[in-house]
Structure formats: C-alpha cells, structure tokens
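> Pasting a predicted model and its sequence here:
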Amino acid sequence: MKVIRFEDNNGNILLGEQVDERTARLIKGDLFGDWEVTGGTATIKRLLAPVQPVNVIAIGLNYRRHAAESGAQIPSEPLVFVKLTTSVIGPGDEIVLPASAPEEVDYEAELAVVIGRTARKVSEADALKYVLGYMCANDVSARDCQIRRDKQWARAKGFDTFCPLGPCLLVDPQVNPNSFPIRTRLNGELMQNSNTADMIFPVPFLVSYLSNQFTLLPGTVILTGTPEGVGCARKPPVFLKPGDTVSVELEGIGTLTNPVVADRA
C-alpha cells in the first residue's frame, strides 16, 4: 500500500491511499497506532512529506561503490549523524540554496525507513517488525561546510529544505528493503544508478544497531546512505544551482522531485 499525506482543495491535511495523481482513499486513525482505509475519497491538491518525523537519523558511507568513489575505507560500523526536522520538505517543494553556503550543494538519493513503534535494543532478526514503511529521500548536503569550513556535518546536512521526503510511504511488510533500484536524475540526466543491495550495512542491521544506541520513537526516519554518483565526486564536480530539478527514484515506491532555487532573503 502507498500511503500519502496531502492537502485537499479545502486546505485540510489528510492521509490517504493514493488511487491516482488526483485522488486518494481516506485513511482514518493514526499511522503509528490503529488506522484503516475508509470508503471515502478526496482530491489531492498537493502532496506533503508522508510523515512529520520526530527525529531524522542518517548514515554516511553506507554503499560500497560510494565509499570507493569517496576514497574512503569501508567503515567497520555505521557512520551516524542527524538532520534537523526543520530540514524536511515534501514533493515539489523548493530546495533552497542557503545564502551562507550556496556554491557546493549536492544531491544524495537515499532509501528512508520509517519506524512504526518504539524500538529499543531490538535484534537484527526482529528489526523489520518495527518498521512502518519506506520512502524516497534526498540527503541534500553543503559540501563546503561538510568538508572544509565546519569539518563536521550538522550545518551541512541540516539547512532548511535539505531533507525532501516522499512521494509516498510504501507500507508492505513483505518487501525486501535491500532490493530497491535507486536513481537520481538532475534535469533529466541520470546521475546515480544503483541498488540498495550495495549497502554495507543493510536495513535490518541498521535498525537493530541504532536501537542499541538510542530509543527509536514512532515517526523516527532513518536515511540509509547514498550510492555512487554524487556531484562532489565527479570530475569536474556537479553542484545544484538555481533552476535545476532533482529527482530521486526508488522502483516500487515512486519518484521524489524538487526544484532548486536561490535564497530569496
């Protein structure tokens, strides 16, 4: 099932099962509790991020070929960082190049995992029982802040609009999260083309590992890393600029597309 969060023509924020580009069957209840698809329908005016995360936890260097293109050794344990919840935007929303760091902003296609119930010290064998679903994410990153200026990742990964999520939440307990083809297109040009099978630490391991570090609350979003093909690793580098359109695609989930604009402040 593909669950969406959307605004209807009356300005109401609703949950639904998407029928087509314009229509959704309404969902009643709480995604992190009891919920059901009803017989009612509503018109989709615009899609929103499928969930409003309580935390966004992300993993760096989690694809073998991305580690290779970065000149990094394969990590022995997950490289964990966080993104601010204020960085979250939805499908079609603008990625804003921040005035303080507009020149080296990069795309990163990622599989996002949404935790459905409180997870603390769960086993790898049980980890997927705590997952509600999966969606596309773009871990937008200001490389100058990340690599040279700050030399740590909080600002580089946490600017407003730097965490697009969507277009839907795939709820399917039978799906293998480490079998999704994953791609990025920049202005229609294929930039990243891989599969979540290339992850160094697969999704069940990540959920278990993180739950042994922190309590994973319902609504926690885990970004699981990006494959090779990022802009900063290209020769010459390719960074986002005003007027660009960037799309993250996960086969079986959908395509998350966002325009890029300059900071208007």
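Great, that's in hand.

> from here on, contacts and neighbour counts on C-alpha atoms
Fine.

> Pull the worst-scoring helix or strand of the chain on mean pLDDT out as CSV, backbone CA atoms only.
Least confident helix or strand, the chain: helix 64-69 with a mean of 88, by mean pLDDT, DSSP states H and E. The C-alpha atoms that make up helix 64-69 are tabulated as CSV, following Å, rounded to 0.1, in the frame of the first residue of the first chain:
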residue,chain,number,x,y,z
ARG,A,64,30.4,0.1,-1.2
ARG,A,65,30.8,1.9,-4.5
HIS,A,66,30.2,5.3,-2.9
ALA,A,67,32.9,4.7,-0.3
ALA,A,68,35.2,3.8,-3.2
GLU,A,69,34.4,7.0,-5.2
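
> What are the buried residues along it?
Under the neighbour-count criterion of 16 or more other C-alpha atoms under 10 Å, helix 64-69 has Arg64, Arg65, His66, Ala67 buried.

> which element follows it toward the C-terminus?
Note on helix 64-69: by DSSP states H and E, the next helix or strand toward the C-terminus is strand 79-83.

> average pLDDT across the helix or strand that that following strand is followed by?
Next along the chain after strand 79-83, taking DSSP H and E as the criterion, comes strand 88-89. The average pLDDT for strand 88-89 rounds to 98.

> strands paired with the strand or helix carrying Thr41, and their directions?
For Thr41, the host element (DSSP H and E) is strand 35-43. Using DSSP bridges, strand 35-43 pairs in its sheet with strand 23-29 (antiparallel).

> Show residues contacting the strand it pairs with.
Applying C-alpha atoms under 8 Å, 6 or more residues apart in numbering, the external contacts of strand 23-29 come out as 14-19, 35-44.

> just the buried members of these?
Buried members of these, scored by 16+ other C-alpha under 10 Å, are Leu14, Leu15, Gly16, Glu17, Gln18, Val37, Thr41, Ala42, Thr43, Ile44.

> picking up where we left off before, can you tell me which of the contacts of strand 23-29 is nearest Pro167?
Within the contacts of strand 23-29, the smallest distance to Pro167 is 10.3 Å, found for Gln18 (C-alpha to C-alpha).

> wait, that closest one sits on Arg5?
No. Using C-alpha atoms under 8 Å, Gln18 makes no contact with Arg5, being 9.4 Å away.

> who are the neighbours in contact with the nearest residue to Gln152 once chain neighbours are set aside?
The shortest distance from Gln152 to any non-neighbouring residue, by C-alpha to C-alpha, 6 or more residues apart in numbering, is to Gln146 (5.4 Å). Taking C-alpha under 8 Å, 6+ apart, we find Gln146 in contact with Gln152, Trp153, Arg155, Ala156, Lys157.
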